[in-house]
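Enquirer: Everything below, folded, please.
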Amino acid sequence: MTPVRLMGSVAVALRCAHAPRLWKRLARAEPADIDLVAHRRHRGLLLKRMRELGLVEDSRGVVRRTLWGRLLLYTPAPSYPVEVFFDPLDFHHRLRLGHRLALDGLTIPLPELTLSKLQYQRLDDDQKKDLLVLLREESFASDGAESPARRIAHVLSSDWPLWRTTMDNLIAVEQFAKQVLAPEPQELAAVLSSIEAIRTLVASGYKRPAWRVRAFFQRLVPGFPVGRHVECVESEPNGAIANSR
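Expert: Got it, this is the predicted structure:
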């Protein structure tokens with residue numbers, strides 16, 4: 001069986017019971033599409049299966065592609081975009097799922113779902129609202145070995161650029177939470193507790209050699225880019241590649 005899991009805002013809504021209430025309270029826009037993720041080796045089989053289910057490529061009959069191998073299809077009427085990404089996820093940072101892709105039934109695991117939001121170099125308000133919902137989860141700051149906060153700290157221990165972006169974004173989310181959740185102190189306290197759990201575990205955790213080398217290099221060359229710029233390309237019907245941003 002080809003493991004395919006949800007990510008993005010639809011995944012947030014499915015795995016977080018309080019998402020609809022918080023989204024309504026925060027006036028979060030409706031998700032613009034459905035995001036799926038699968039292993040790259042299953043790309044051909046997945047595309048074939050989606051076509052059998054009635055999903056179609058864009059109006060010109062081509063599959064939109066990017067440098068990280070994304071597919072864009074549409075559901076039958078009413079048409080709704082479905083974007084398929086492939087492991088490893090290459091956005092502003094690289095996030096490897098590996099065997100963890102199949103751990104949960106419908107979505108990628110909570111730590112990876114959270115990191116997939118935190119890895120953006122600039123968060124918009126809807127991304128911040130999704131992160132508030134995720135960080136509101138009661139299990140986030142638990143003490144267990146499999147707690148989401150501990151898993152995030154483990155991933156960041158070997159990736160300095162992702163660590164730097166995540167830490168910066170946690171500051172932004174914390175400030176945003178204090179603004180929009182001020183009337184709901186219980187919700188705010190849960191979010192801040194999760195943020196503090198991540199910070200504590202990251203600060204106290206072991207940093208792998210790759211992390212330490214990159215941190216040293218960044219001090220030598222402060223202006224070196226922290227993340228990566230990913231350029232989109234779109235295939236034309238004749239097979240040519242056109243740049244799009």
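
Enquirer: residues touching the residue nearest the centre of the chain, list them.
Expert: For the chain, S116 is the residue whose C-alpha lies nearest the centre (C-alpha atoms, centre = their mean; 1.8 Å). S116 makes contacts with 7-8, 89, 91, 95, 108, as judged by C-beta atoms under 8 Å, 6 or more residues apart in numbering. No exception for glycine: its C-beta is placed from N, CA and C like everyone else's.

Enquirer: For the protein, just list every one of the strands.
Expert: Assigned by DSSP state E, the strands in the chain fall at 4-7, 34-39, 71-74, 81-87, 89-90, 94-95, 232-235, 241-244.

Enquirer: Neighbouring strands - and their directions - for the second one?
Expert: To tie it back to what came earlier, the one meant is strand 34-39. Its sheet considered, strand 34-39 pairs with strand 4-7 (antiparallel), strand 81-87 (parallel) by DSSP bridges.

Enquirer: Dump the first one to CSV, restricted to CA.
Expert: What that stands for is strand 4-7. C-alpha atoms of strand 4-7 as CSV (Å, rounded to 0.1, in the frame of the first residue of the first chain):
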residue,chain,number,x,y,z
VAL,A,4,-0.4,9.0,1.6
ARG,A,5,-1.1,11.5,4.4
LEU,A,6,-2.6,14.9,4.8
MET,A,7,-0.6,17.9,5.7
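
Enquirer: Looking at that strand now, give me its mean pLDDT.
Expert: Taken as a whole, strand 4-7 carries a mean pLDDT of 95.

Enquirer: Ok, stretch 77-90 next?
Expert: According to the model, stretch 77-90 has a mean pLDDT of 87.

Enquirer: Compute the first-to-last residue distance for it.
Expert: This stretch, stretch 77-90, spans 31 Å end to end (C-alpha to C-alpha, to the nearest Å).
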